[in-house]
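S.K.: Pasting the sequence and the predicted model now:
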Amino acid sequence: MTHHPPGNTAPHLPADLYRQAQATGQPIVIVHQAPTTRPTPTRYLVPLGIALAATVGVIGLVAALLALIEFAAHTAALLVGTAGPIGVGGITLKLARSKTK
């Protein structure tokens, strides 16, 4: 079985320096300073873009639903206007008012 080192997972401390400090009893202090950079704009722009796309999609769905409802209302008005009164067994139901009054 061969051993594969894990790669660069932590700051490297040379073995001879470690052995020298261990032999003399000298403490080892490792200071690792995180880089002081500003976060990249993509960190904020990607969620903002996703939210904007979702909002535009919802607005599109609402507009399509309103157009469908408007079309259905116009179709119903057209059918009521052309059908005239509906009668069943002597009972007549007038669905729309006549225009000649």
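M.R.: That came in fine, so what should we check first?
S.K.: Tell me where this structure has strands.
M.R.: Ranges of strands within the chain are 86-88, 91-93, based on DSSP state E.
S.K.: Kindly provide the distance from Tyr20 to Ile30.
M.R.: To be clear, residue 20 is Gln; Tyr isn't right here. Counting by Cβ to Cβ, to the nearest Å, the gap from Gln20 to Ile30 is 15 Å. (C-beta placed from N, C-alpha, C; glycine too.)
S.K.: Give me the more crowded residue out of those two.
M.R.: Neighbours per residue (other Cβ atoms under 10 Å) separate Gln20 from Ile30, with Gln20 holding more: 12 against 7.
S.K.: lowest-pLDDT helix or strand in the chain?
M.R.: Ranking every helix and strand in the chain by mean pLDDT, DSSP states H and E puts strand 86-88 at the bottom, with a mean of 69.
S.K.: now Gly81: how far from Tyr44?
M.R.: Taken as Cβ to Cβ, the span from Gly81 to Tyr44 is 55 Å.
S.K.: Ok, Thr75 next?
M.R.: As judged by Cβ to Cβ, Thr75 and Tyr44 stand 47 Å apart.
S.K.: for Ala51, same thing?
M.R.: Per Cβ to Cβ, Ala51 is found 11 Å from Tyr44.
S.K.: again with Ala64
M.R.: Here Ala64 is placed at a distance of 31 Å from Tyr44 (Cβ to Cβ).
S.K.: how about low-confidence regions in this protein?
M.R.: 1, 3-12, 83-87, 93-101 (pLDDT under 70).
S.K.: try 80 this time
M.R.: Residue ranges of the chain with pLDDT under 80: 1-14, 30-39, 79-101.
S.K.: the longest helix in it is where?
M.R.: As assigned by DSSP state H, the longest helix anywhere in the chain is helix 42-83.
S.K.: How far does it sit from its chain's centre?
M.R.: Centre-to-centre, helix 42-83 and its host chain are 18 Å apart (Cα atoms, centre = their mean, to the nearest Å).
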